[in-house]
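Participant: Task: produce atomic coordinates for the following.
(one chain, ligands or ions: 1)
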Amino acid sequence: MYYKSIITFALAAAATTTVFAQEAKQYPEPEPMTHKMTEFWEPQPPVVTPGDQCTQSAPSDAIVLFDGKDLSKWQSSKTGGPAEWQVKDGVVTVDKSKGDIQTRDKFGSCQLHIEWCVPKGIEGSSQSRGNSGIFFQGLYELQVLDNYKNVTYSNGMVGSMYKQGRPLVNPMRKPGEWNVYDIIYTAPIFKADGTYLYKPYITVLLNGVLVEDHFEIQGTTEYIGLPQVKKHGDGPIILQAHGDKSQPISFRNIWIRPLN
Ligand code: MG
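Facilitator: Modelled structure (predicted):
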C-alpha cells in the first residue's frame, strides 16, 4: 500500500513536470513575411499566341472547328454521315432540310468562339426569325435568334440559355452584320445517383458584351416542360437547324479550347 502511494505520487509528479516542461517550451518566432513568400513561380502557364484582334482568328492552342473551307470536323446529327450544310465564300449556311449538325469530337468544359449572321431582309417574328442554337454537350442550348427589333419571350431570346436564363442585355447587331459569341462553359459533375453534384455553368459575351454571367444551368433546355437532369459525359457541340420558315443564318470562324 505504501509503495503504491509512492508510485502514484511519482507518476503524478512526472506528469506535472511534463506539463510544466511543455508550457515552458520555447518555439522560434516565425520568420517575418517577405514578398517572396507569396509568389509562385512554378509551374508557369503555357504560352499561347493570341489570335489577331481584328479578324478574331483562333489562338494557337485552339481546335479550329470551322475555318471557312469545309465541314470535316462536323457530321449530320440525324444520320452520322457528312454534314451537308452549304459552305461558300468562307461561311457555312444552315440547311434546314438536312437537320442539325454536330462536331465529330466530344467536349466538356470549354471556351467557344463562334460568329453568326442573320441575312439582310429576313422575315418572320418572335421565334420564327433567324432561329438556331448552340448546344453544349449536346444538351444545353444557348439560343441564336434575330432579336434586332424583334421581341420574343425573354428567356428564349438571343443570349438566353433557352427557357432558363434571360440575357442581361440585348447587344444584337442588325441583319447583314456579324454577331460574335464568346462563351465559357463549365461541364457539370454528377453524383452516383445521376443528379448534379455541381451544375453546369455558362458565361456568355455577345459582341463583347456580357449577357450571361456565370449562369447556373438547371438541366436540359426543353421546348415543352421543365429542365431534365440526365447523367452524361462529354458531348458534341450541336448547331441547330430550326424548323421555322425564315431565311437561314450563316456561321463562320468557329474555334474551341477544351478546358478539361
Ligand atoms: Mg434555337
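Participant: from here on, contacts and neighbour counts on C-alpha atoms
Facilitator: Will do.
Participant: Which stretches in the stretch 151-260 of the chain count as strands?
Facilitator: For the stretch 151-260 of the chain, strands defined by DSSP state E, counting those that start in this stretch occupy the ranges 178-186, 189-190, 196-198, 201-206, 209-216, 238-239, 250-258.
Participant: Walk me through which strands the second one pairs with, and which way each runs.
Facilitator: Each strand that pairs with strand 189-190, with its direction, by DSSP bridges: strand 196-198 (antiparallel).
Participant: highest average neighbour count across the strands of the stretch 151-260 of the chain?
Facilitator: Neighbour counts averaged per stretch over the strands of the stretch 151-260 of the chain are highest for strand 238-239, at a mean of 24; criterion: mean count of other Cα atoms under 10 Å.
Participant: pLDDT-wise, which helix or strand of this protein ranks last?
Facilitator: Across the helices and strands of the chain, mean confidence by mean pLDDT, DSSP states H and E is lowest for helix 2-24: a mean of 52.
Participant: Select, out of the strands of the stretch 151-260 of the chain, the one closest to Ala24.
Facilitator: Of all the strands of the stretch 151-260 of the chain, strand 196-198 sits nearest to Ala24, with 49.0 Å by Cα to Cα.
Participant: same question for the closest one, mean pLDDT?
Facilitator: Throughout strand 196-198, pLDDT has a mean value of 98.
Participant: next one: it to chain centre, how far?
Facilitator: 15 Å (Cα atoms, centre = their mean, to the nearest Å).
Participant: thinking again about what came up before, tabulate the strands of the stretch 151-260 of the chain (TSV), appending distance to Glu29.
Facilitator: Output for these, formatted as TSV (distance: least, Cα to Cα, whole Å):
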stretch	distance to Glu29
strand 178-186	44
strand 189-190	44
strand 196-198	43
strand 201-206	46
strand 209-216	44
strand 238-239	60
strand 250-258	47
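Participant: Using CSV, please lay out those together with distance to the ion.
Facilitator: Formatted as CSV, the strands of the stretch 151-260 of the chain follow (distance: least, Cα to the ion, whole Å):
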stretch, distance to the ion
strand 178-186, 15
strand 189-190, 25
strand 196-198, 25
strand 201-206, 16
strand 209-216, 16
strand 238-239, 9
strand 250-258, 14
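Participant: among those strands, which is nearest Val151?
Facilitator: Comparing the strands of the stretch 151-260 of the chain by Cα to Cα, strand 209-216 comes nearest, at 16.5 Å.
Participant: Give me the sheet partners of that closest one and which way each runs.
Facilitator: Here strand 209-216 is paired, per DSSP bridges, with strand 201-206 (antiparallel).
Participant: quick check: angle from the strand it pairs with to strand 178-186?
Facilitator: With axes from the mean of the first three to the mean of the last three Cα atoms, to 10 degrees as the basis, strand 201-206 and strand 178-186 are set at 160 degrees to each other.
Participant: what sits up against strand 201-206?
Facilitator: 159, 171-172, 179-188, 210-217 (Cα atoms under 8 Å, 6 or more residues apart in numbering).
Participant: Ser60 is in contact with Pro50, isn't it?
Facilitator: Yes. At 6.4 Å, Ser60 counts as touching Pro50 under the criterion of Cα atoms under 8 Å.
Participant: Identify the contacts common to the two.
Facilitator: Common neighbours of Ser60 and Pro50 (Cα under 8 Å, 6+ apart) do not exist.
Participant: hmm, back to that, what helices or strands is the helix or strand following the least confident helix or strand of the chain leaning on?
Facilitator: Toward the C-terminal end, the helix or strand that comes next after helix 2-24 (DSSP states H and E) is strand 63-66. Counting contacts by 3 or more Cα pairs under 8 Å, 6 or more residues apart in numbering; DSSP states H and E, strand 63-66 is packed against strand 250-258.
Participant: May I have the strands that pair with the strand it packs on, each with its orientation?
Facilitator: For strand 250-258, pairing defined by DSSP bridges yields strand 63-66 (antiparallel), strand 91-93 (antiparallel), strand 110-117 (antiparallel).
Participant: Restrict the last one to CA atoms and write it as PDB.
Facilitator: Extracted as PDB, the C-alpha positions of strand 110-117 are listed here (Å, rounded to 0.1, in the frame of the first residue of the first chain):
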ATOM      1  CA  CYS A 110     -14.600  24.700 -73.000                       C
ATOM      2  CA  GLN A 111     -14.200  28.200 -74.400                       C
ATOM      3  CA  LEU A 112     -16.000  28.600 -77.700                       C
ATOM      4  CA  HIS A 113     -15.900  31.300 -80.200                       C
ATOM      5  CA  ILE A 114     -18.500  31.400 -83.000                       C
ATOM      6  CA  GLU A 115     -19.700  34.100 -85.300                       C
ATOM      7  CA  TRP A 116     -23.100  34.200 -87.000                       C
ATOM      8  CA  CYS A 117     -25.000  36.400 -89.400                       C
END
